[in-house]
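Visitor: I'll drop the sequence and a predicted model, then ask my questions.
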There are 2 protein chains.
Amino acid sequence: MKINLTRRQQQILDYLREQDFDSPPTLDELCRALGLSSRGSLHKHISALVEAGLVEPMDGKHRGVVLREAETTADADRLPFYGYIAAGRPIEAIPRPESLEVPAALRTRRPCYVLEVRGDSMIEDGILDGDWVVIEQRDQARNGEVVVALVDGDEATLKRIEQQPGEVILHPANGRMAPLRYHPDQVQVQGVLVGQMRRYH
Amino acid sequence: MKINLTRRQQQILDYLREQDFDSPPTLDELCRALGLSSRGSLHKHISALVEAGLVEPMDGKHRGVVLREAETTADADRLPFYGYIAAGRPIEAIPRPESLEVPAALRTRRPCYVLEVRGDSMIEDGILDGDWVVIEQRDQARNGEVVVALVDGDEATLKRIEQQPGEVILHPANGRMAPLRYHPDQVQVQGVLVGQMRRYH
DNA sequence: GATACTTGTTCTCTGTTGGTTCTGGTGTAA
DNA sequence: TTACACCAGAACCAACAGAGAACAAGTATC
């Protein structure tokens, strides 16, 4: 996503990935396992991994617990949660993905992720503010599909797409909003809507 | 709901799970089994587990009894699917419930089930034909909640409820449909909407 | 019914563990 | 040189864990 890890950081991350902990290890345990003798040193590496969003932060919480991978690719029923989809913010800017349980029926076999909807632009398609949408990662879409589109490289939005020769039209599903017309070079498809969830409590 | 258990808490929980109690153990018994010598210490851990919803609380009730797993939420990620919710058919008539995977975030701790929506009567609330709705089984509702209501004993419908002295009003979310007014005796609440899911593929 | 015994609950006190922040040192590459 | 990755160790402090005492309410016993 961002930031390149140093050799040692990568090494520690690899160790955490391949290990199968019954309970999350403490810094001391990791030190022993990695042949270090200073918690402080290790802590700096862990902090870097937290910064990179690869390890859960343990703010003060002294949970006898240290790190847990926030990498969610493996788990079948959880998908990374990349934050909000709204005007003015590219998705890739979201720092550390959390994860969200998603039933198999709402996703596809290809890589997917979850966004939380902000705004009312798709309200007539039954997508409301606060809904979670499941997005299949894809850079091509068929006409009529609802897509996550990156406009001019810095504004991500959820709209129904219509691709015509020489222009791309993004249709909101809200009578008070007009379709947006762009040159094909301005619009980059980042994913296609495949599922949606909402909670009422 | 997540909540991180400390090591000791996890350890105690594991012990409770693997043990097969004929009668629920007392704090003293657990202390001996776990090598503690203070009920007070153990009690603090148990309280944490109760807080996390993993153990049944024993509020004051001095039943010579302590804890029992309320393993409800943990892996109950599938809910019974009772069929369609549409006019003209009471829910209890559905013969054989299948089951559907539902993420924990879309359900509650109390018994829930899933229905598939038929019709457009709640379209302005973002509930479309074909959506799955997660219903918490309940026979009472607060005004403003969306409920599964059985009218005259033979017609189940999904509507927003308004209960006034002497009458019950079921509000559709569709400008082309009018609210339905009934005598309280005619309407029986069968559940309350707590979650919703949709697939686009 | 009065008694003693259980059992859950709350409290204080004490010690340990573990995350965090320092300071300083070494080796390496630009 | 400067910059950076890496490590050691010390110190700090809050979270954690346990012991023990005391209390209240249920249960058993006579």
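Guide: Nice, I can see it. Please read all numbers here as calculations on a predicted model, not as lab measurements. Numbering: from 1, shown residues only, chains lettered A, B, ... in the order given.

Visitor: Could you look up the SS state of the residue of chain A at minimum distance from DNA strand D?
Guide: Closest contact between chain A and DNA strand D, by CB to the nearest atom of the strand, is at A:Gly40 (2.2 Å). Backbone N, C-alpha and C define where each C-beta goes, glycine included. With DSSP: H, G, I helix; E, B strand; the rest coil as the basis, A:Gly40 sits in helix.

Visitor: That one: how many residues sit nearby?
Guide: Per other CB atoms under 10 Å in any protein chain shown, the neighbour tally for A:Gly40 reads 9.

Visitor: per-residue pLDDT, it?
Guide: A:Gly40 carries a pLDDT value of 89.

Visitor: do the same with the one 4 residues further on
Guide: pLDDT, A:Lys44: 92.

Visitor: quick one, phi psi at it?
Guide: Note on A:Lys44: its backbone torsions stand at phi -70, psi -40 [degrees, to the nearest 10].

Visitor: Count the neighbours of it for me.
Guide: For A:Lys44, the neighbour count with other CB under 10 Å is 12.

Visitor: measure the residue of chain A closest to DNA strand D to DNA strand C for me?
Guide: To DNA strand C, A:Gly40 is 3 Å away according to CB to the nearest atom of the strand, to the nearest Å.

Visitor: next one: A:Gly35
Guide: To DNA strand C, A:Gly35 is 15 Å away according to CB to the nearest atom of the strand.

Visitor: How many residues are close by that residue?
Guide: Neighbour count for A:Gly35, taken as other CB under 10 Å: 6.

Visitor: Helix, strand, or coil at the most centrally placed residue in chain A?
Guide: In chain A, the C-alpha nearest the mean C-alpha coordinate belongs to A:Tyr82, at 2.5 Å (CA atoms, centre = their mean). Following three-state DSSP, we place A:Tyr82 in the strand state.

Visitor: Surely it touches A:Leu115?
Guide: Yes - because the distance of 5.7 Å satisfies CB atoms under 8 Å, A:Tyr82 is recorded as touching A:Leu115.

Visitor: Distance check, the residue nearest to the centre of chain A against A:Trp132.
Guide: Using CB to CB, to the nearest Å, one gets 11 Å for the distance from A:Tyr82 to A:Trp132.

Visitor: Same check on A:Gln140?
Guide: Plainly put, A:Gln140 is 24 Å away from A:Trp132 if you go by CB to CB.

Visitor: With A:Thr6 instead?
Guide: Separation of A:Thr6 from A:Trp132 (CB to CB): 35 Å.

Visitor: out of these two, which sits in the busier spot?
Guide: More crowded of A:Thr6 and A:Trp132, by other CB under 10 Å: A:Trp132, with 24 against 11.

Visitor: For the more buried one, give the beta-bridge partners.
Guide: Beta-bridge partners for A:Trp132, by DSSP bridges, are A:Glu116, A:Met197.

Visitor: Next up, the contacts around it.
Guide: By CB atoms under 8 Å, 6 or more residues apart in numbering or on different chains, A:Trp132 lies in contact with A:81, A:100, A:114-117, A:196-198.

Visitor: So what does A:Asp139 look like in phi/psi?
Guide: Note on A:Asp139: its backbone torsions stand at phi -110, psi 10 [degrees, to the nearest 10].

Visitor: That one against A:Val192, yeah?
Guide: No - A:Asp139 is not in contact with A:Val192 according to CB under 8 Å; the separation is 9.7 Å.

Visitor: Give me the more crowded residue out of the two.
Guide: For A:Asp139 and A:Val192, the more surrounded residue by other CB under 10 Å is A:Val192, and the numbers stand at 24 against 10.

Visitor: what angle sits between whichever strand or helix holds that one and strand B:187-199?
Guide: Here A:Val192 sits within strand A:187-199, counting by DSSP states H and E. Strand A:187-199 runs at 150 degrees relative to strand B:187-199, counting by axes from the mean of the first three to the mean of the last three CA atoms, to 10 degrees.

Visitor: Output the contacting helices and strands for strand A:187-199.
Guide: strand A:112-117, strand A:132-137, strand A:146-151, strand A:155-164, strand B:187-199 (3 or more CB pairs under 8 Å, 6 or more residues apart in numbering or on different chains; DSSP states H and E).

Visitor: ok, and the closest non-adjacent residue to the spatially most distant residue from the centre of chain A?
Guide: Distance from the C-alpha centroid of chain A, by CA atoms, centre = their mean, peaks at A:Ser37 (35.6 Å). Residue nearest to A:Ser37 in three dimensions, not counting chain neighbours: A:Cys31, with 6.5 Å by CB to CB, 6 or more residues apart in numbering or on different chains.

Visitor: which phi and psi does that neighbour have?
Guide: Note on A:Cys31: backbone dihedrals following degrees, to the nearest 10 are phi -60, psi -50.

Visitor: now swap in the one 5 residues further on and tell me
Guide: Dihedral angles of A:Leu36 (phi, psi; degrees, to the nearest 10) stand at phi -100, psi 170.

Visitor: downstream neighbour of the helix or strand bottoming out on mean pLDDT in chain A in the secondary structure list?
Guide: Lowest by mean pLDDT, DSSP states H and E among the helices and strands of chain A is strand A:78-85, with a mean of 70. Moving toward the C-terminus from strand A:78-85, the next helix or strand (DSSP H and E) is strand A:98-101.

Visitor: Worst mean pLDDT among the helices and strands packed on strand A:187-199?
Guide: Of all these, mean pLDDT reaches its minimum on strand A:112-117 (a mean of 86).

Visitor: Now do that one against strand A:132-137, angle only.
Guide: Angle of strand A:112-117 versus strand A:132-137, following the same axes, to 10 degrees, is 140 degrees.

Visitor: can you give me the angle strand A:112-117 makes with strand A:155-164?
Guide: With the same axes, to 10 degrees applied, the angle from strand A:112-117 to strand A:155-164 works out at 110 degrees.
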